[in-house]
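1. sequence and computational prediction follow.
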Amino acid sequence: MSENSFAQTCSGVGTQKATVCLPVTVCPYAVAGPADVRCCGEITVIPDCDRCKGTVNGTCEFTISQKIKVDVPVEFGATVKVGDTYVECSCAEAGQEADCFCN
């Protein structure tokens, strides 16, 4: 380009909005370790005339609960591919200047 020449550019930004979604399923589980049974006190021997108190073949039930927090590291991203640049040049007919179509 000569010292008196200048270039004019037009720039812009192309925008595409997108929502990225990653379904996550949390499947809680619990694995119980071996039971630790501790005897409290000495064995008591009761004569047969004093039957055992409680329910025959009964059970004692209790619940153990634990709050948990599940952290799932997730990285969202995108691969961007840009295609080739195309240009269509208009050709002026002999003796005529090309009109600027960028008004």
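-> Now that the structure is in, tell me what you want to look at.

2. I'd like the average pLDDT over stretch 56-70.
-> In this model, stretch 56-70 has an average pLDDT of 86.

3. can you dump the C-alpha atoms of it in PDB for me?
-> Taking Å, rounded to 0.1, in the frame of the first residue of the first chain, the C-alpha atoms of stretch 56-70 are listed here in PDB:
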ATOM      1  CA  VAL A  56     -41.000 -64.300  71.500                       C
ATOM      2  CA  ASN A  57     -38.800 -64.300  68.400                       C
ATOM      3  CA  GLY A  58     -39.000 -60.500  68.500                       C
ATOM      4  CA  THR A  59     -36.500 -58.100  67.100                       C
ATOM      5  CA  CYS A  60     -35.100 -54.800  68.000                       C
ATOM      6  CA  GLU A  61     -34.900 -52.400  65.100                       C
ATOM      7  CA  PHE A  62     -33.200 -49.100  64.800                       C
ATOM      8  CA  THR A  63     -32.200 -46.700  62.000                       C
ATOM      9  CA  ILE A  64     -28.800 -45.200  61.200                       C
ATOM     10  CA  SER A  65     -28.800 -42.200  59.000                       C
ATOM     11  CA  GLN A  66     -26.000 -40.000  57.600                       C
ATOM     12  CA  LYS A  67     -26.300 -36.800  55.600                       C
ATOM     13  CA  ILE A  68     -24.100 -37.000  52.500                       C
ATOM     14  CA  LYS A  69     -22.900 -34.400  50.000                       C
ATOM     15  CA  VAL A  70     -22.000 -35.500  46.500                       C
END
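
4. quick one: buried residues of it?
-> Buried positions in stretch 56-70, judged by neighbour count with 16 or more other C-beta atoms under 10 Å: none. Just so you know, the C-beta spots here come from the backbone N, C-alpha and C atoms, and that holds for glycine as well.

5. please renumber so the chain begins at 42
-> With 42 as the first residue, the last one maps to stretch 97-111.

6. hmm, who's touching that stretch?
-> Stretch 97-111 is contacted by residues 67, 69 when judged by C-beta atoms under 8 Å, 6 or more residues apart in numbering.

7. ok now that stretch, how far from the chain's centre?
-> 32 Å (C-alpha atoms, centre = their mean, to the nearest Å).

8. swap in stretch 72-89?
-> Here stretch 72-89 is found 47 Å from its chain centre; the criterion is C-alpha atoms, centre = their mean.
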